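[1] Coordinates for the following, if possible.
(4 chains)
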There are 4 protein chains.
Amino acid sequence: MQLGMIGLGRMGGNIVRRLMKNGHTAVVYDKDAKAVASLAGEGATGADTLEDFVAKLEKPRTAWVMLPAGKITEATIEALAKLMQPGDVIIDGGNTFWQDDVRRGAALKAKGIHYLDVGTSGGVWGIERGYCMMIGGDKTVVDQLDPIFKTLAPGVGDIPRTSGREGRDPRVEQGYIHAGPSGAGHFVKMIHNGIEYGLMQAYAEGFDILKNANIDALPPEHRFEFDMADIAEVWRRGSVIPSWLLDLTASALAENQTLDTYSGFVEDSGEGRWTVNAAIDEAVPAEVLTAALYARFRSRKDHTFAEKILSAMRAGFGGHKEPPKKPTLKA
Amino acid sequence: MQLGMIGLGRMGGNIVRRLMKNGHTAVVYDKDAKAVASLAGEGATGADTLEDFVAKLEKPRTAWVMLPAGKITEATIEALAKLMQPGDVIIDGGNTFWQDDVRRGAALKAKGIHYLDVGTSGGVWGIERGYCMMIGGDKTVVDQLDPIFKTLAPGVGDIPRTSGREGRDPRVEQGYIHAGPSGAGHFVKMIHNGIEYGLMQAYAEGFDILKNANIDALPPEHRFEFDMADIAEVWRRGSVIPSWLLDLTASALAENQTLDTYSGFVEDSGEGRWTVNAAIDEAVPAEVLTAALYARFRSRKDHTFAEKILSAMRAGFGGHKEPPKKPTLKA
Amino acid sequence: MQLGMIGLGRMGGNIVRRLMKNGHTAVVYDKDAKAVASLAGEGATGADTLEDFVAKLEKPRTAWVMLPAGKITEATIEALAKLMQPGDVIIDGGNTFWQDDVRRGAALKAKGIHYLDVGTSGGVWGIERGYCMMIGGDKTVVDQLDPIFKTLAPGVGDIPRTSGREGRDPRVEQGYIHAGPSGAGHFVKMIHNGIEYGLMQAYAEGFDILKNANIDALPPEHRFEFDMADIAEVWRRGSVIPSWLLDLTASALAENQTLDTYSGFVEDSGEGRWTVNAAIDEAVPAEVLTAALYARFRSRKDHTFAEKILSAMRAGFGGHKEPPKKPTLKA
Amino acid sequence: MQLGMIGLGRMGGNIVRRLMKNGHTAVVYDKDAKAVASLAGEGATGADTLEDFVAKLEKPRTAWVMLPAGKITEATIEALAKLMQPGDVIIDGGNTFWQDDVRRGAALKAKGIHYLDVGTSGGVWGIERGYCMMIGGDKTVVDQLDPIFKTLAPGVGDIPRTSGREGRDPRVEQGYIHAGPSGAGHFVKMIHNGIEYGLMQAYAEGFDILKNANIDALPPEHRFEFDMADIAEVWRRGSVIPSWLLDLTASALAENQTLDTYSGFVEDSGEGRWTVNAAIDEAVPAEVLTAALYARFRSRKDHTFAEKILSAMRAGFGGHKEPPKKPTLKA
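    Below is the predicted model of the structure:
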């Protein structure tokens, strides 16, 4: 099957490669002509402009947009929509805010153009591991593009099947799902990332407590020097907490268990924030997912204004003079 | 190798079975004579009393105590210590507070008796999956009992090896670790459980937001009806968040995705609490692990006194009359 | 000075009364004719319709809209704007989302109509205590209406002056502030309410711990029976934590320290939610304000779906059967 | 009445001064002879040694110990107890862990010595404002020392009385309370400090959101430049959130609203930690009090090990390289 791909970064490029390796064809476009040339060299059909890209696609066309930022994605899809015809399909595979999908899906439908929002997980490992895809949009369109999704998905692999799934959509255990109408795909992907933040923070806090188990403030008989790398490893088998994230942690710690090459400055992307916004809209208490987000906010600051307010109050009622900050704990 | 086991519940009984299936022998004792008889019928040597149990063990004796509660474990180990001799080994495989191990290890050492604290993870699945064991105590004693631990551990299995572990203790990737001196084993197990609470809560909140994505308070175009079972399943392959806990969630949801057979009353055990206590002693911020613990506390109450204080204040400043409670969200 | 008031509920009615008691005049309108008649009986000029209301106002007109819900306020201001003329002033004194003010202020400015957003605090006590007002909009309009705001504000009263305020806007210590352009007033009011939630929850948790200090799970020598009413009272003088909210708590507890007439079902309004949204937009960690909001969400549910997910996982890995919920703590 | 005071720091010295100013007499002792000489110059009877101190007290003796750290307090009380006689009273007015009071009260009672634990709030302002005292121990001893407590307490002052307190202990509204048996005083003081942390953090977060309302990441039309000093001031009158802590904040901001003389390194003392420990022992969810404590822990670190774990995981699954940390927000 033929797929058009706009955006040949780490994700878009590898998606094309995984498709071509499995017998599909691709038309590719990127602002960066080198990226186009590179994939053309691997067998894809390169396009010089968006017009050229659309012209080279077989009808009904399928164009997958895989771009990083909100505004570029929006502008590209708008431009694309003007060039496309009723029956064509636009896929947004990026990290788009699901409410934008709802709006966009309706606007495109009015023009007869199909729209799928595909939350795509897999990162740098996706090319070999496959991509977990959470898809929103019309079922008939999802079905029509099934060969693409099936190829990109990881498949059952050697992960044990879940019993009790007889009679359920068999695509799901292949690693892709039609989650609902427009927006549903990115909504589920958003929650996936929100959970990811929470899981990461849970492990991170646990290792932090292990790391600081040897501080001077503790009584000598209650201090331990733990081997972070070995503890991460031992939990990978037979415990309650094995996970892919733990595997990655064990690898990083095996390489250098001080982690001193990492700054500890932690970025966050929209999904973590939108997850909390969604929780608030639904009045669902989401303490853990929110705390995980806030830990990242805090990691990017030297000091908060809040902390200075605390110091000012303490000086006010107790005459406390806070010492200049110096790290008191292992990090 | 011979092992004595005191406490033949779900954990103790299955540990003995896994050992016997692999060529080891066992002397077993429990207050419940039926439990002793049952394991004796499977090949173990039953004991009628603690004295009988000690008498039937070959020297140097190794007695594994696998009892639920703090006081019973304490009393049993005290009684056992009086019957044992220098060079014998007492293992506490239960969920003991690590500071008790520190105290106990020192007290037994003064009598020449060896003490190992073995945090044992695996639950009802351990008999087939193997047990992840986190061991505290003297290295020579751990080495001496290696045949036991090796048998109980899961082994490498089909879980990929972590690169960069060359030159490290090979036992670790079998699923058991000598974590440090007395107390270190239960400390690491405690953190394991603390992390477990955090991971569980992260998934739980994510599914809660998915579940409530269809509430009336949302604008109609922003409502979704998600299939909980399919979403749990799809994340098992190719996403960033696969884990054993997700596997279990997917199984439970495949069976009945309303989960209406569960009350939502969630117990907690000491480890989650002690993890937070340890974080506080070390001045490590552990927001996520703590929030996960508090969510369980809250789940066991109809209303908190705190909430009534809030209502009373609201009546005081705003004349607000709170309606009687009724569930406003899916649960 | 003359003020028009639309919305004669608890807040709007009392604002009119406080103004009239201090020599101002008022034209009043409400959908409920009885409310209009009642205030007309106290000296206000009643209006039958919005048209009548506008007609009875002297030019340049000043109309204060004090309505509860977002949609009614929006519709009323739209209707009002059509009836008013350049130079007239519309005040939104309700609990409007500040981004709506930004939009509305710009739209009205295009028509030559002035718009002020006035976050108004004071609740049922405002008529005697005065109202704390946080005002957004053009400074010249705020200055022009100063007689109104000055009358509504509490004034310095017997609250000690803050030193170091020489040269600063003297209106501020009277209890009203021109906080910035359109939206600034409701933004500051929003943060006020966000803080209010946090303060309330802090007291509430403290009393909860005091209340539960006598539970059976504690060792007998560590149990206390505290008098909630007396403790709230003692902190009112000489401690670090006196506040108006503590005064209200002490009153409520003096009346009935069990608080058993309160359900513990706690409502939240938009401000608490928008505060968290603002924190997220700014990447400010706001743990306490968020936790306070979530505690209210949780108070309104019997059980969360999250808790059932936890129970399902626990059954999965440990075979745990959770007991049916029953309150284990004082509430 | 005569009181002996051991420990003449900021708190102990001022307590003696407030007593002497109101007709009481004092015997004073401190390791620092200068502190003793200084108070002797103000009318107190100085003592050179603990023996001398005890000798100079009239029987039955009353010795108030006001020392900072746990170990010094413990050692001093032990030494004192050896020198005192049945019927004498030892008061611990410091920030002692309440479980130590329980133990100590019982041990001293066995010797016939009375023990009171007095949680004393008031800080540097206590000498003029009076001290809020939360007292644990035998009622008869508390009654016997009433003249001392009455003098130290703030009295009703100009703070309005709470209605509905007829028939209740009138001492409470003077600012002191007999909270219960040994330990109860410090328990209530502990909760007072726990609440204090929560209140402080609530204000701090609110001001942080106000401060960062002008960051570049926000759309231009949604940015505000707020005056921190004026906002703190305006809330002092007529709003829902006036408090003594807000008064102090308004003062600090009036002086320098950037707070750039404060480091933002925030200390915590035992009470905040013990409050959380107590919440956990009682299974009371105390999200806000705990989050406030953790914010202080975090303020004292450059980076946590947890954050480095997050960065390592992100590098693992997404190839993300985190930039070196630089403050992205106002602080």
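
[2] What distance do you get for the residue of the stretch 1-150 of chain A found nearest chain B to chain D?
    Here the stretch 1-150 of chain A gets closest to chain B at one residue, A:C132, 3.5 Å apart by Cβ to the nearest Cβ. No exception for glycine: its C-beta is placed from N, CA and C like everyone else's. Distance of A:C132 to chain D, computed by Cβ to the nearest Cβ, to the nearest Å: 12 Å.

[3] So in chain A, where's the weakest helix or strand by average pLDDT?
    helix A:126-129 (a mean of 90; mean pLDDT, DSSP states H and E).

[4] A:L210 in helix, strand or coil?
    When classified by DSSP: H, G, I helix; E, B strand; the rest coil, A:L210 comes out as helix.

[5] what sits against it?
    By Cβ atoms under 8 Å, 6 or more residues apart in numbering or on different chains, the residues touching A:L210 are A:F226, A:M228, A:I231, B:F187, B:V188, B:I191.

[6] Just flag the most distant two among those.
    Spatially, the most separated pair among the contacts of A:L210 is A:M228 and B:F187, at 13.5 Å (Cβ to Cβ).

[7] And these two? Which one has more around it.
    Higher neighbour count among A:M228 and B:F187: B:F187, with 31 against 21, using other Cβ atoms under 10 Å in any protein chain shown.

[8] The more buried one is in what secondary structure piece?
    In this structure, B:F187 sits in helix B:184-211 according to DSSP states H and E.

[9] re earlier: buried set for the least confident helix or strand of chain A?
    Of all the residues in helix A:126-129, those buried under the rule 16 or more other Cβ atoms under 10 Å in any protein chain shown are A:G126, A:I127, A:R129.

[10] Go back to those and keep what's next to chain B.
    A:G126, A:R129 (Cβ under 8 Å from any Cβ of the partner chain).

[11] circling back: if you count contacts, what does the least confident helix or strand of chain A end up packed against?
    Contact here means 3 or more Cβ pairs under 8 Å, 6 or more residues apart in numbering or on different chains; DSSP states H and E; on that basis helix A:126-129 packs against helix A:10-21.

[12] Next secondary structure element downstream of the helix it packs on?
    strand A:25-29.

[13] Walk me through which strands that following strand pairs with, and which way each runs.
    strand A:2-6 (parallel), strand A:45-46 (parallel) (DSSP bridges).

[14] can you tell me if stretch A:192-202 touches chain C.
    No. Using Cβ under 8 Å from any Cβ, stretch A:192-202 stays clear of chain C, with a minimum separation of 11.3 Å.

[15] and that stretch, how far out from the chain's middle?
    11 Å (Cα atoms, centre = their mean, to the nearest Å).

[16] now stretch A:94-106
    So, by Cα atoms, centre = their mean, the centroid of stretch A:94-106 is 16 Å from its chain's centroid.

[17] Just the buried residues of it, please?
    Going by neighbour count (16+ other Cβ under 10 Å), the buried part of stretch A:94-106 is A:G94, A:N95, A:T96, A:F97, A:W98, A:Q99, A:D100, A:D101, A:V102, A:R104, A:G105.

[18] Output the residues you listed in TSV; the columns should cover distance to B:A81 and pLDDT.
    Below are the buried residues of stretch A:94-106 laid out as TSV (distance: Cβ to Cβ, whole Å; pLDDT from 0 to 100):
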residue	distance to B:A81	pLDDT
A:G94	64	95
A:N95	60	93
A:T96	65	96
A:F97	63	97
A:W98	62	98
A:Q99	65	97
A:D100	68	97
A:D101	66	97
A:V102	68	98
A:R104	72	97
A:G105	71	98
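
[19] Just the strands from chain A, written as ranges.
    Applying DSSP state E to chain A gives strands spanning A:2-6, A:25-29, A:45-46, A:62-65, A:89-92, A:114-121, A:132-136, A:176-180.

[20] hang on, the earlier thing: closest to chain D out of the buried residues of stretch A:94-106?
    Of these, the one sitting nearest to chain D (Cβ to the nearest Cβ) turns out to be A:N95, at 11.5 Å.

[21] wait, doesn't that closest one sit right on A:R273?
    No. Using Cβ atoms under 8 Å, A:N95 makes no contact with A:R273, being 11.5 Å away.

[22] picking up where we left off before, among the buried residues of stretch A:94-106, which two are most distant?
    Among the buried residues of stretch A:94-106, A:N95 and A:G105 lie farthest apart (Cβ to Cβ), at 16.6 Å.

[23] neighbours around the closest residue to A:L145 other than its chain neighbours, how many?
    Sequence neighbours aside, A:T62 is the residue nearest to A:L145 in space, at 6.4 Å (criterion: Cβ to Cβ, 6 or more residues apart in numbering or on different chains). Per other Cβ under 10 Å, the neighbour tally for A:T62 reads 23.

[24] how about a markdown table for the contacts of A:L210, with distance to C:R17 and pLDDT added?
    Below are those laid out as a markdown table (distance: Cβ to Cβ, whole Å; pLDDT from 0 to 100):
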| residue | distance to C:R17 | pLDDT |
| --- | --- | --- |
| A:F226 | 68 | 98 |
| A:M228 | 67 | 98 |
| A:I231 | 68 | 98 |
| B:F187 | 65 | 98 |
| B:V188 | 67 | 98 |
| B:I191 | 61 | 98 |
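
[25] Of these, just say which sits nearest to chain D.
    Closest approach between these and chain D, by Cβ to the nearest Cβ: A:M228, at 8.5 Å.

[26] No more questions from me, cheers.
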